[in-house]
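**Q** Following is a predicted model, sequence given first.
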Amino acid sequence: MVDAKVVTGPSIFFHGAQRSAVSRVLVKRPFYKVSCCCHSRSPLLTESTCSRLLYILLHMGASAVCCLLLSRTVVESIWGKAHGIQMPSELCSRFFGQSHCPVISGSGAVYRVCAGTATFHLLQAVLLVHLHSPASLRAQLHNSCWLLKLLFLLGLCAVAFCIPDEQLFPAWHYIGICGGFTFILLQLVLITAFAHSWNKNWQTGAAQDWRWFLAVLLATLGFYSLAGVAALLLFHHYTHPAGCLLNKMLLGLHLCFCGLLSFLSIAPCIRLKQPRSGLLQASIISCYIMYLTFSALSSRPAESVTLHGQNQTLCMPGLSKMESQTPDTSLAVLSASIMYACVLFACNEASYLAAIFGPLWIVKVYSYEFQKPSLFFCCPETVEPEEGQRAGTARPTDREASPAPPEQAQHLSYSYSAFHFVFFLASLYVMVTLTNWFSYEGAELEKTFTNGSWATFWVKVASCWACILLYLGLLLVPLCWSPTQDTQLIFRQNRISIVRK
């Protein structure tokens with residue numbers, strides 16, 4: 001017993017001293033390098049996931065600042081100036097060497113804040129290219145150093161405010177237009193891929209169990225019902241017996257497109273090439289078409305006609321069909337909220353698919369075949385490694401066991417570089433959306449989501465037509481695939497499987 005006490009005493013003291021030393025190291029670690037979830041006990045909140053949430057909050061905060069600077073009501077209530085906020089001439093001459101400073105409110109302020117955030121994400125996207133290990137030094141740049149990154153972001157925005165208007169607007173305006181259109185196309189690809197994957201996943205289960213077939217049927221009826229109710233509401237609120245001919249034609253045309261897409265989805269020639277093509281994906285696309293139609297109609301300017309001897313505004317939601325219609329702020333808020341939710345969905349989904357399928361994820365995500373159905377899914381968790389892929393970077397298939405814990409994982413859960421690049425495009429998209437795309441002069445938040453503009457209206461209509469063309473391409477392009485190419489592809493896949501065995 002005495003020997004035991006002699007042996008255990010120093011051991012306890014050693015472990016206690018080691019524990020205190022570890023605690024001192026953790027305390028003395030610089031707080032600007034601590035990641036938010038480094039020591040999280042929740043298995044769902046990994047370090048990379050928590051970093052992604054922080055970047056989302058950072059983007060939402062920058063968008064909120066842009067809205068406040070663009071709002072004429074906020075500027076008048078806080079600063080008491082209706083024509084914008086401007087720095088004192090003394091500060092301008094001292095720091096910038098000029099007596100006239102750029103206005104720090106309105107569309108110019110939105111352009112400068114979004115220039116800072118877009119540059120912030122673009123620089124990180126370039127620095128994180130070809131990153132594969134979460135333990136590397138570049139990965140720590142993405143997951144830590146939050147105080148330094150926040151100060152760097154504020155510095156970029158401050159530098160943007162020092163650029164004169166005549167040097168910022170001509171070039172940055174066209175960059176914003178190109179980036180906004182690119183983000184719209186990316187968003188359309190993700191929506192159609194989501195509908196395509198959902199239908200393929202549940203059709204896989206429907207071929208095995210009648211309960212999955214019932215789930216497909218109920219989901220299809222639900223989406224078609226939602227699209228039909230949306231069409232009726234749009235006809236009721238955005239048309240008028242005395243006018244709104246453009247709205248009526250647009251709604252009728254888009255309903256015809258929804259019917260055409262539904263018919264082609266179950267056409268025999270389409271199902272011959274794509275056996276899992278069905279009405280579920282067509283119903284999801286129909287709902288998205290109705291949303292884009294609602295977004296376009298809520299963004300068009302009001303139409304003025306002479307009604308009962310008086311000038312009345314039409315083509316807006318109103319209480320009565322025979323009375324003058326007024327803008328509804330609640331619908332504008334709903335449209336903006338759905339738009340921003342789609343923005344965040346695109347930013348996160350694109351980075352995940354880029355890590356799963358690689359640089360050509362836009363093409364590979366449509367050809368992925370599910371091994372088993374699942375109720376809650378967004379995209380495949382793992383992909384079978386391709387021919388020639390190194391063993392060190394090969395990922396397990398869906399049939400294998402669950403992946404390793406985050407501490408032991410040797411691959412990224414999502415592509416850091418693609419994540420920041422899509423946020424770069426999203427910053428440009430938010431910038432041009434808030435400032436009415438082509439007509440940014442005199443843009444105000446109150447007019448952007450209530451009165452609308454023709455530029456925003458036609459951009460939304462063009463995005464809706466682009467979605468229709470993209471879905472038509474998914475249905476019709478496989479028809480051009482010759483049978484010889486199919487047999488060669490099957491022979492190549494069989495040869496690869498034999499070599500693996």
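**A** Sure thing, it's come through. Residues are numbered from 1 along each chain as shown.

**Q** Which stretches in the stretch 201-350 of the chain count as strands?
**A** Assigned strands in the stretch 201-350 of the chain, in chain order: 303-307, 310-314 (criterion: DSSP state E, counting those that start in this stretch).

**Q** pLDDT (mean, whole number) over the last one?
**A** To tie it back to what came earlier, the one meant is strand 310-314. The average pLDDT within strand 310-314 is 69.

**Q** go on, the first one?
**A** Per-residue pLDDT values over strand 303-307 give a mean of 68.

**Q** Residue 77: neighbour count?
**A** 9 (other CB atoms under 10 Å). To be clear about C-beta, it is placed using only N, CA and C from the backbone, and glycine gets the same treatment.

**Q** Kindly indicate whether it is helix, strand or coil.
**A** What DSSP: H, G, I helix; E, B strand; the rest coil gives for residue 77 is helix.

**Q** From residue 369, how far off is it?
**A** If you measure residue 77 against residue 369 using CB to CB, to the nearest Å, the figure is 57 Å.

**Q** Likewise for residue 257?
**A** For residue 257 relative to residue 369 (CB to CB), the value is 28 Å.

**Q** quick one: which of these two has more around it?
**A** More crowded of residue 257 and residue 369, by other CB under 10 Å: residue 257, with 21 against 11.

**Q** What score does that one have for pLDDT?
**A** On the pLDDT scale, residue 257 gets 95.

**Q** quick one: contacts for it?
**A** Taking CB atoms under 8 Å, 6 or more residues apart in numbering, we find residue 257 in contact with 289, 468.

**Q** Same question for residue 59.
**A** Counting by CB under 8 Å, 6+ apart, residue 59 has contacts 117, 344, 347, 423, 426, 427.

**Q** Just flag the most distant two among those.
**A** Largest separation among those by CB to CB: 117 and 344, giving 14.4 Å.

**Q** more neighbours, these two?
**A** Each of residue 117 and residue 344 has its neighbours counted (other CB under 10 Å); residue 117 has more, 27 against 14.

**Q** mind checking how far residue 190 is from residue 200?
**A** For residue 190, the distance to residue 200 - CB to CB - is 15 Å.

**Q** now residue 434
**A** Distance from residue 434 to residue 200, by CB to CB: 37 Å.

**Q** which residues in the stretch 351-500 of the chain form helices?
**A** Ranges of helices in the stretch 351-500 of the chain, per DSSP state H, counting those that start in this stretch, are 361-364, 416-434, 445-448, 454-476, 483-500.

**Q** Packed most tightly, which of the ones you listed would that be?
**A** helix 416-434 (a mean of 25; mean count of other CB atoms under 10 Å).

**Q** would CSV of the helices of the stretch 351-500 of the chain with distance to residue 246 and mean pLDDT be doable?
**A** Conversion of those to CSV gives the following (distance: least, CB to CB, whole Å; pLDDT from 0 to 100):
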stretch, distance to residue 246, mean pLDDT
helix 361-364, 33, 78
helix 416-434, 22, 91
helix 445-448, 20, 72
helix 454-476, 9, 91
helix 483-500, 44, 43
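
**Q** could you point out which element follows the helix-or-strand element of the chain with minimal mean pLDDT?
**A** Ranked by mean pLDDT, DSSP states H and E, the weakest helix or strand in the chain is helix 2-28, scoring a mean of 39. Moving toward the C-terminus from helix 2-28, the next helix or strand (DSSP states H and E) is helix 47-70.

**Q** in that following helix, what's buried?
**A** Across helix 47-70, burial judged by 16 or more other CB atoms under 10 Å covers 47-52, 54-55, 58-59, 62-63, 65-67, 69-70.

**Q** what about residue 113, how many neighbours?
**A** Residue 113: 25 neighbours (other CB under 10 Å).

**Q** what helix or strand does it sit in?
**A** helix 107-127.

**Q** Which parts of that helix count as buried, going by neighbours?
**A** 107-122, 124-125.

**Q** what kind of secondary structure is the nearest residue to residue 467 once chain neighbours are set aside in?
**A** Nearest non-adjacent residue to residue 467, counting by CB to CB, 6 or more residues apart in numbering: residue 188, 4.8 Å away. Secondary structure assignment for residue 188 (three-state DSSP): helix.
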